[in-house]
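Visitor: Pasting a predicted model and its sequence here:
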Amino acid sequence: MKETKNYLTQARPQLIYGRCIYWLSIVAAMICAIGPVIAMAFQDKNIMDPHYLFYSIWKGKTAEVIWQEVGGGFPGGHFWIHNLTGGEGFIQFGLVLGCSCAFVALIGTAIAFLREKPRATGWALLSLLVASLVILSALGIYHT
């Protein structure tokens, strides 16, 4: 007797979106987990001394006070790009990857929608619209 399997089949765009989010989130989490180890091991490459940083955080100081006392002032947005080899820059890269994985997944989803027969143009356009909002927010151009 042939055994029947009771499971739902997922549409290809949903599978692509899910796999992109899943794997990029795991990679981002691993980067963010390794970042503090790099920050503590190579303290001379950091913008702020991690010992004073953690001490100030546990004391309950505000972000503005911490940046002023520990880092000599906030260096500006996307400072991590110039400090990618340090622990802080590496952590920020992991955060950016984790936050922008929706952009990559939505682009892949839009392509998958356009390759379907019949084409799901409306869903592809909606995916591209949301992807553009994600990337504009990540770049600091669009604020919600």
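Guide: Arrived safely, thanks for sending.

Visitor: how long is stretch 42-62 end to end?
Guide: Terminal residues of stretch 42-62 are spaced 25 Å apart (C-alpha to C-alpha, to the nearest Å).

Visitor: Tell me the buried residues in it?
Guide: Buried residues in stretch 42-62, defined by neighbour count with 16 or more other C-beta atoms under 10 Å: 45-48, 50, 53, 56. For every residue, glycine as well, the C-beta is placed using N, CA and C.

Visitor: per-residue pLDDT, the residue most central in space within the chain?
Guide: With distances taken as C-alpha atoms, centre = their mean, residue 98 lies nearest the centre of the chain, 2.0 Å away. Looking at residue 98, its pLDDT reads 91.

Visitor: so which helix or strand takes in it?
Guide: Using DSSP states H and E, residue 98 falls within helix 87-115.

Visitor: Would you mind identifying the next helix or strand past that helix?
Guide: Sequence-wise, the next helix or strand downstream of helix 87-115 (DSSP H and E) is helix 121-138.

Visitor: could you say what helices and strands that next one packs with?
Guide: The contact analysis (3 or more C-beta pairs under 8 Å, 6 or more residues apart in numbering; DSSP states H and E) places helix 121-138 against helix 87-115.

Visitor: measure residue 52 to residue 30 for me?
Guide: From residue 52 across to residue 30, the span is 27 Å (C-beta to C-beta, to the nearest Å).

Visitor: Tell me where this structure is predicted with low confidence.
Guide: Flagging of the chain using pLDDT under 70 yields the residue ranges 1-2, 142-144.

Visitor: Please repeat the previous calculation with a cut-off of 80.
Guide: Applying pLDDT under 80 to the chain flags the ranges 1-7, 49-51, 70-79, 138-140, 142-144.

Visitor: For the residue nearest to the centre of the chain, which non-adjacent residue is spatially closest?
Guide: Nearest non-adjacent residue to residue 98, counting by C-beta to C-beta, 6 or more residues apart in numbering: residue 28, 3.3 Å away.

Visitor: Just the element for the one you found, please.
Guide: In this assignment (DSSP H and E), residue 28 forms part of helix 12-41.
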